[in-house]
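Asks: show me how the following folds:
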Amino acid sequence: MKVLVTGGAGFIGSHVVDELVKRGNQVVVYDNLSSGFREHLEAASATGFVTLVHGDILDTEALTTAMEGAQTVYHLAANADVRGGRANTSVDLQQNVIGTHSVLEAMRRSGASEIIFTSSATVYGEPTVFPTPETYAPVQTSLYGASKLAAEAFIQAYGEYYGIRSYVFRFVSWIGERYSHGVVFDFINKLRDNPARLEILGDGNQKKSYLHVHDGIRGIFLAVERMKDSKNVINLGHRKYVDVNRVARLVCEEMGLQHVELHYTGGIRGWLGDSPFVHLDISKLEQIGFEPEIPIDEGIRRTVRYLLEHPAILDARRIPSGGRSDA
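Replies: Numbering: from 1, shown residues only. Now for the predicted structure:
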């Protein structure tokens, strides 16, 4: 089967491509490479089952052409800079909302009938129920979260109009091999610049759940295989969570650093729009057999080791760009 993956050269997208190829699919990767890496696709491309199209999802005509013959679309291309929306208030609208509309239009024109979409736990804003279920009614606290929720709504409406089955995955933060942005990434680069001092946004007590990419990919494909409603909204996360201070300690340990001075910017949030506590109810996925296998601590350690072994990824993202990649 032919499958198209937007953002397929990114962190999560490239792992999706690997799994699709393992399952015998012909895969078209559609990526503008602003934050993806060709190297992530080397193994999958060597099989002869992958075609990389260098393009922007806002170019609906080019996207429609690339999508011809595909029945399923994995849509991961998005603005990945959660914080950047305050400085550039149009980036989330353009890349996440209008970009998703462009993908849906290409699906309508080409006849694709199924979309798998990477949303985010940020759509819940600052919830008061933990773990937070899919039925929680959120109030938005960031443009990024608002854009992801708006994209979900467009996907569901297109499904109603044109019979497109949808799988919307609301993620916690992912970690693991090919990881290219986020708190672990930022801590490593800060410590590379100054091994004696680490600035932590907020007070360090923010509690976050993290999911290793291997568990996340298993969760996605398990849901697509076993859930057959026309519109599926699914939390994807871990049963556990850790605070940011623990993340900092684990990063320092894996880098072999001792007596690092921790400095805090203060407040219960890392930035405006950051949620102090992210912990999702994953019982819907558990009911079909999903169980995270990799403990959060081990996932963080493996992420640090991978990035230290691949400094080119760290160097490429040393200055946040707010570019398009997978969420």
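Asks: which residues of the stretch 151-300 of the chain fall in helices?
Replies: Ranges of helices in the stretch 151-300 of the chain, per DSSP state H, counting those that start in this stretch, are 183-193, 213-226, 244-254, 283-286, 296-309.
Asks: now the shortest one: mean pLDDT?
Replies: Helix 283-286 shows an average pLDDT of 98 in the prediction.
Asks: could you export it as CSV, CA atoms only?
Replies: In CSV, the C-alpha atoms belonging to helix 283-286 read as follows (Å, rounded to 0.1, in the frame of the first residue of the first chain):
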residue,chain,number,x,y,z
SER,A,283,-6.7,3.9,29.7
LYS,A,284,-8.3,3.9,26.2
LEU,A,285,-5.1,2.6,24.7
GLU,A,286,-4.6,0.2,27.6
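Asks: which strands and helices sit next to it?
Replies: helix 213-226, strand 231-236 (3 or more CB pairs under 8 Å, 6 or more residues apart in numbering; DSSP states H and E). (Each C-beta comes from the backbone N, C-alpha and C, glycine too.)
Asks: change it to 7 Å
Replies: Using 3 or more CB pairs under 7 Å, 6 or more residues apart in numbering; DSSP states H and E as the contact test, the elements touching helix 283-286 are strand 231-236.
Asks: what does the strand it packs on rub up against?
Replies: 134, 156, 159, 166-171, 211, 216, 219, 223, 280-282, 284-285 (CB atoms under 7 Å, 6 or more residues apart in numbering).
Asks: quick one on the thing from earlier: of the helices of the stretch 151-300 of the chain, which approaches Gln206 most closely?
Replies: The closest of those to Gln206 is helix 244-254. By CB to CB, the value is 4.9 Å.
Asks: buried residues in that closest one, which are they?
Replies: Val244, Arg246, Val247, Ala248, Arg249, Leu250, Val251, Cys252, Glu254 (16 or more other CB atoms under 10 Å).
Asks: just the buried residues from the contacts of strand 231-236, in PyMOL please.
Replies: Filtering these down to the buried ones (16+ other CB under 10 Å) takes a single PyMOL command:
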select buried, resi 134+159+166+167+168+169+170+171+211+216+219+223+280+281+282+284+285
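Asks: quick revisit: just put the helices of the stretch 151-300 of the chain in a markdown table and tack on distance to Ala146.
Replies: Output for the helices of the stretch 151-300 of the chain, formatted as a markdown table (distance: least, CB to CB, whole Å):
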| stretch | distance to Ala146 |
| --- | --- |
| helix 183-193 | 22 |
| helix 213-226 | 23 |
| helix 244-254 | 24 |
| helix 283-286 | 23 |
| helix 296-309 | 28 |
